[in-house]
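[1] coords below, sequence missing:
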C-alpha cells in the first residue's frame, strides 16, 4: 500500500479533481490525509484539462497508475466524464459537499461558513456536523473579467491584480465621510457608501482595477455577513481562485472587522474543493 518518491515513502494516493469551466484543479492526497501535491491546469475543454492534470501530477511526483487508490471527481464538468479513468476506480461527489469538507480540513474548524470564490461565489455552511449549500451570487471572478474587458481592455487576470495594487479608491468609490459629517457609530468614515459612486474623470486604469476588486470582494464579504446572521458562526473560510488575490487579504478582513466576523484564507485555498473531494 505504499510507493516511493525519492527517499520519502507515502501511502497510496487518492486524486481529488475539481473540473471547472476552464480550469481543472487536482490534489494528490495520501490515505492518511496528507497533501502530496497540488496542480492547476487550463485547457480548451474539460476532458483535456482533466487527463492533462492527472498525467502531469503523476509524472511530477514519480507516480505510476498502480499507486493511485482511486480518483474522485467534482465540479461542473464531473458529470461529463463517465466510467473509470485509466481503469482506476473513479467516483463523483457533489461540489457543495466537497467545498464544505475542504474548507473544514484546511481551516481545522467545524463550525464555519465556506465562501468559494470562482466564476461566481458559493456559500456553504458546515455546522453541527452537517454541510449545506445555502445559496450563491453571480458576483465573482467572471464579473471581474467581464467588466475588466470593457473598462480596462484586458482579461489578463495577473495584469488586473497588479493594476489594482497601485490604484486609489478615492477616485472611484463614494465613502460614508463623503456624504455625512455626522459620526455613525457602526460605520467609519472610510467605509464604502457606493462602489463607483465617486468615479472621477481623472481615474486611471489602476484606480478602476482597484474599484472593481473592491466591488467584488465587498459584495461577497457582505453576503457572507448576511449568511452568518442568526447563527453562531463567526469564521468564514475563503476558498477558490480569488482567495489567492492580495486584495482578498486586504478587503475581506476589513469587512469582517465591521461585523465581528473572522475571514480565514487558508493555505491551498485554491484547491479546497479538490481536497474536499478526495476526503469524501
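    Looks like it arrived, so ask away. Computed from a prediction, not measured in an experiment: that's the story for all the values here. Numbering: from 1, shown residues only.
[2] Extract the residue ranges of this protein that are flagged as low pLDDT.
    1-10, 43 (pLDDT under 70).
[3] all strands for it, in order.
    2-5, 8-11, 13-19, 23-30, 35-42, 68-74, 90-92, 112-117, 121-127, 130-137, 174-175, 192-194, 235-239, 262-264 (DSSP state E).
[4] Could you dump the ones you listed into CSV and include mean neighbour count and distance to residue 209?
    Every residue, glycine included, has its C-beta placed from N, CA and C. CSV is the format used below for these (neighbours: other CB atoms under 10 Å; distance: least, CB to CB, whole Å):
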stretch, mean neighbour count, distance to residue 209
strand 2-5, 14, 41
strand 8-11, 13, 42
strand 13-19, 28, 27
strand 23-30, 25, 21
strand 35-42, 17, 22
strand 68-74, 22, 32
strand 90-92, 17, 38
strand 112-117, 28, 17
strand 121-127, 23, 19
strand 130-137, 14, 21
strand 174-175, 18, 18
strand 192-194, 18, 16
strand 235-239, 27, 20
strand 262-264, 20, 21
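[5] What residues does the residue nearest the centre of the chain make contact with?
    The centre of the chain sits closest to residue 240, judged by CA atoms, centre = their mean, with a distance of 1.2 Å. Contact partners of residue 240, counting by CB atoms under 8 Å, 6 or more residues apart in numbering, are 115-118, 121, 140-141, 269-270, 272-273.
[6] same deal with residue 219?
    Here residue 219 is in contact with 137, 139, 195 (CB under 8 Å, 6+ apart).
[7] Residue 244 now?
    Per CB under 8 Å, 6+ apart, neighbours of residue 244: 269-270.
[8] let's go with 10 Å and repeat that
    117, 161, 238, 265, 268-270 (CB atoms under 10 Å, 6 or more residues apart in numbering).
[9] From residue 193, how far out is residue 265?
    26 Å (CB to CB, to the nearest Å).
[10] how many neighbours does residue 167 have?
    22 (other CB atoms under 10 Å).
[11] Kindly apply the preceding question to residue 200 instead.
    Neighbour tally, residue 200, other CB under 10 Å: 11.
[12] Was I right to think it contacts residue 170?
    Yes: counting by CB atoms under 10 Å, residue 200 touches residue 170, with 8.5 Å between them.
[13] joint contacts of these two?
    Joint contacts of residue 200 and residue 170 (CB under 10 Å, 6+ apart) are residue 207.
[14] check contacts around the residue nearest to residue 22 when sequence neighbours are not counted.
    In this structure, residue 22 finds its nearest non-sequential neighbour in residue 42, 6.1 Å apart by CB to CB, 6 or more residues apart in numbering. By CB under 10 Å, 6+ apart, the contact set of residue 42 is 20, 22-24, 48-49, 52-53.
[15] so who does residue 178 touch?
    Residue 178 touches 170, 189-190, 192-194, 197-198, counting by CB under 10 Å, 6+ apart.
[16] closest to residue 205 among those?
    residue 170 (15.6 Å; CB to CB).
[17] Confirm for me that that closest one is in contact with residue 207.
    Yes: assessed by CB under 10 Å, residue 170 is found in contact with residue 207 at 8.4 Å.
[18] Can you pick out the residue with more neighbours from these two?
    residue 207 (22 against 14).
[19] dump the residue contacts of the more buried one.
    163-164, 166-173, 199-200.
[20] Of the residues you listed - the most surrounded one?
    Highest neighbour count within the contacts of residue 207: residue 164, with 26 neighbours (other CB under 10 Å).
[21] contacting residues around that one?
    By CB under 10 Å, 6+ apart, the neighbours of residue 164 are 144, 148, 152, 205-214, 245-247, 250.
[22] which ones among those residues are found in helices?
    144, 148, 205-214, 246-247, 250 (DSSP state H).
[23] Would you list the buried entries among these?
    The neighbour-count test (16 or more other CB atoms under 10 Å) applied to those identifies 144, 148, 205-214, 247 as buried.
[24] Could you export the contacts of residue 240 as JSON lines, including distance to residue 233?
    Shown next, in JSON lines, are the contacts of residue 240 (distance: CB to CB, whole Å):
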{"residue": "115", "distance to residue 233": "11"}
{"residue": "116", "distance to residue 233": "15"}
{"residue": "117", "distance to residue 233": "18"}
{"residue": "118", "distance to residue 233": "21"}
{"residue": "121", "distance to residue 233": "17"}
{"residue": "140", "distance to residue 233": "21"}
{"residue": "141", "distance to residue 233": "24"}
{"residue": "269", "distance to residue 233": "18"}
{"residue": "270", "distance to residue 233": "23"}
{"residue": "272", "distance to residue 233": "17"}
{"residue": "273", "distance to residue 233": "20"}
